[in-house]
Every structure is written in C-alpha cells, then in structure tokens.
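> coords below, sequence missing:
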Ligand SMILES: Nc1ncnc2c1ncn2[C@@H]1O[C@H](COP(=O)(O)OP(=O)(O)O)[C@@H](O)[C@H]1O
Ligand SMILES: N[C@@H](CCC(=O)OP(=O)(O)O)C(=O)O
C-alpha cells in the first residue's frame, strides 16, 4: 500500500495534540483552536473512524488559570499546575464534544500502566471497550502523581505507546509547526520542511531541537523518538500543524500536510510489541557469538549455555536486554529465571540445569516466543 492509501484506509487513529496548539502564549486555553480541533474530530467520528486523543496542555492551562508568570520548574510545581489544568481541559473537551454529539472520556496513565503487562492489558481492555461504546478516550500522563521513575516525561512518547497498545492504523502528532524541518524554523530562516521520512538515521536526529516555547516539552527530539516507536510497530506517523483548520480532514483523505514517517515493514504480534516497547528493562544478558547467531539468524530461544555475563536486578518474568560481547543490543525478552538463577546456570547445557539448581522450570533462559530481535 502507498502511504496515501494507508492514510485513507486508517480506521483507528491516535491524535496527539501539543500544549503549543491547545494554549495561547499566555498559557491560557486557546478555546478557538480547541473548538476547531474538536469539530474535526467529531466529524471524523461521524465518518466512522475510531479515535483516541492524547492531550497535553494540563500544566500550561493550570499555569494560565493561576496566573503564574514563570514556567514551573520543580516537579511539585508541575504536579500542582497539572492538577488544576487537567480539570479545565476535560471540562472544555466535554462541553465541545457534547455539542457535536460525541462522548469523550478521561484516561490518565503512568509509565507502569504500560510497562507492567497486567496493567498494560487492563489499560488496553479499557480503551478498546471505550471504542466499542463509540466513546473518544482522551489520554494524558497522570502528571499529578507521576514522579521521575514512573514518568513517560513527554506526551509524544506516550502517544506512540498508546498507538501501539491500541493497535492503531495511524498516529497524528499536531504541533505548532508543519512538521520536521532541516533546522528549528524559529531560529533558522533557511530551514525547509521534510515531507517524508523513510528511515530515521542520526542525520535526521541531528536536525531535531528541543521545545519551541516554554509550554512545550521535548520539541522535535521527542517526536522523532515517537516516530521510532510507531514506525517500528508498523504504524505510520504524521506531524502536522494543529492550527490548520482542516488538517485532520486532509490527512484522512490521503494528503500529507506535514512530515510523514513511513512504517518499517514489520508486524509483530501484540505480546512481542509489548516486549519491544517496554521501557522498564531490569537487566542485561551478554551472550556469545553462537547464541547471537541462533537468535538473530535462526529464530531460536536463548539457552543458558550462550549466556556469558549478567547485569541488573531481575526476577522471573522481567524484561531484559540481550547484548553481544561487543555490547551491541540485539534483542529484548522476558526471562524465565531470576538473576541469581541465571548467574548459577550461565554457560551450562539445559540438561545440567536441574543438577545445578535442584529443579528445572524451563529449558530456555528466554523462550523465542518472548524474545524480540532488534
Ligand atoms: N528540526 C525542527 N523542525 C521543526 N521544529 C523544530 C525542530 N527542532 C526544534 N523544533 C521546535 O519544536 C517545536 C514543537 O515542539 P514543542 O514545543 O514540544 O510543541 P508541542 O507542544 O506541540 O509538543 C517547534 O515549535 C520548534 O520550535
Ligand atoms: N502532560 C503534560 C504535557 C507534556 C508534553 O509532552 O507536552 P507537549 O510537548 O506540549 O506535548 C501536560 O498535560 O501538561
């Protein structure tokens, strides 16, 4: 399918809207802009599209409401502002969506809702049920309670993980720029829009700078991180300017008003997607050349005999990175044994595991069904 056809065929779409689109430079909500956006979303829903919105703007709206001149610096400051602003955001979404006959709902996520498999499945089931009820889930990070260890940090990454979790057909990131330019268009007058990206390389990453205003988080850097996750999961992603009145209509008609990232041809099963994009890696297994060949070229499981060195603190069922002796990361997987058990059985044949541990729950350290090669 061409990218145009993929855009036209997208039935389930995640739309992420940045603070720079939802709020004015005063930090207060940009009601006109939100109205235009919600009208388009309602119209897509009327066309039968399934929509999931990832919204930013809580911190900025909270700041606008309280009337703080300076942007928040500390985590408690951001948390307090988010606590004020999230309610404002939902109030306005609820009001305008209702006017257009649609039902929005709120979901606030922390990183562990995605990294812990049980919670991931819960979040997924809830979102799918809401879509089933013709509701538009509106997702934000749970800023008020998320501290560093459990934070996504930015909604670009969150939106890509949500697109993956919900098995969306398309991820749209609406910002205050048309797309990715050859430099930050705010500071580089010669910067030109890049309409299509087929491969994310270090050159492209080098063009991306941070946020454009003190309301945004991450700028183009986090949007490229999102594109890596999304395209690897087989989902095309578009960055476009949220203030263009008919931007969403154009996209679903197959037009590209910004930068489109074409997906990598790969269709991982849902469980493998969860492993591949799991942000909470608990350790690292270094494996020898033979084991690397078995994993990468023959689709085999990782056996204890191929494990050379171990790092981290993992329990049975945790996700670990698998690296070569040159420290190149080649895979990620769910381990069948804890770190102390792998330490004891590394280098051994599977037939020797029982003698060593006094039991043998599994032949493999990581079964191939729980392994994703990079
Ligand atoms: N190479 C680039 N191309 C386009 N924009 C860039 C680039 N590098 C940095 N930016 C900045 O990224 C900003 C958008 O990101 P951000 O401020 O986080 O907004 P949002 O709230 O939409 O996420 C733009 O306003 C721009 O200043
Ligand atoms: N969760 C935060 C937004 C974080 C974020 O990534 O902001 P942005 O770069 O504007 O998408 C909030 O609601 O204020």
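Structure's in. What do you need? Note that the coordinates shown come from a computational prediction; the quantities given were computed from them, not determined experimentally. Ligands and ions are numbered 1, 2, ... in the order given.

> buried ones in the longest helix seen in the chain?
Looking only at the chain and at elements set by DSSP state H, the helix with the highest residue count is helix 75-99. Burial within helix 75-99, assessed by neighbour count using 16 or more other Cβ atoms under 10 Å, is assigned to 77-82, 84-86, 88-90, 92-94, 96-97. No exception for glycine: its C-beta is placed from N, CA and C like everyone else's.

> next one: stretch 290-304
Along stretch 290-304, the positions that meet the burial threshold by neighbour count (16+ other Cβ under 10 Å) are 291-292, 294-295, 300-304.

> OK, contacts around whichever residue of the stretch 1-150 of the chain sits closest to ligand 1?
Per Cβ to the nearest ligand atom, the residue of the stretch 1-150 of the chain with the smallest distance to ligand 1 is residue 18, at 2.1 Å. Taking Cβ atoms under 8 Å, 6 or more residues apart in numbering as the contact definition, residue 18 lies against 56-57, 155, 173-176, 216, 242.

> which stretches of the stretch 101-250 of the chain aren't confidently modelled?
When the per-residue scores of the stretch 101-250 of the chain are filtered using pLDDT under 70, the ranges that remain are 148-150.

> in it, which spans are strands?
Taking DSSP state E, counting those that start in this stretch as the test, the strands found in the stretch 101-250 of the chain are 103-109, 135-141, 170-175, 196-197, 237-241.

> can you put these in TSV and add distance to ligand 1 and mean neighbour count?
As requested, the strands of the stretch 101-250 of the chain are exported to TSV (distance: least, Cβ to the nearest ligand atom, whole Å; neighbours: other Cβ atoms under 10 Å):
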stretch	distance to ligand 1	mean neighbour count
strand 103-109	17	18
strand 135-141	13	23
strand 170-175	3	28
strand 196-197	12	15
strand 237-241	8	25
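
> adding distance to ligand 2, write those out as TSV.
Compiled in TSV, these are given as follows (distance: least, Cβ to the nearest ligand atom, whole Å):
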stretch	distance to ligand 2
strand 103-109	9
strand 135-141	4
strand 170-175	8
strand 196-197	19
strand 237-241	12
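
> how about the ones you listed in a markdown table, adding distance to residue 254?
As requested, those are exported to a markdown table (distance: least, Cβ to Cβ, whole Å):
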| stretch | distance to residue 254 |
| --- | --- |
| strand 103-109 | 27 |
| strand 135-141 | 23 |
| strand 170-175 | 11 |
| strand 196-197 | 13 |
| strand 237-241 | 11 |
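
> so which residues on the stretch 251-374 of the chain come close to ligand 2?
Within the stretch 251-374 of the chain, no position is adjacent to ligand 2 by Cβ under 6 Å from any ligand atom.

> identify the bridge partners of the residue in the stretch 251-374 of the chain that ligand 1 sits nearest to.
Nearest to ligand 1, among the residues of the stretch 251-374 of the chain, is residue 259, at 8.5 Å (Cβ to the nearest ligand atom). Residue 259 has the following beta-bridge partners by DSSP bridges: residue 239.

> report the contact partners of it.
Contacts for residue 259 (Cβ under 8 Å, 6+ apart) come out as 178-180, 193-197, 238-240.

> now the phi/psi pair for residue 210, please.
For residue 210, the backbone dihedrals (degrees, to the nearest 10) come out as phi -80, psi -160.

> picking up where we left off before, pick out the most distant pair among the buried residues of stretch 290-304.
For those, the maximum inter-member distance is 14.9 Å, found between 292 and 304 (Cβ to Cβ).
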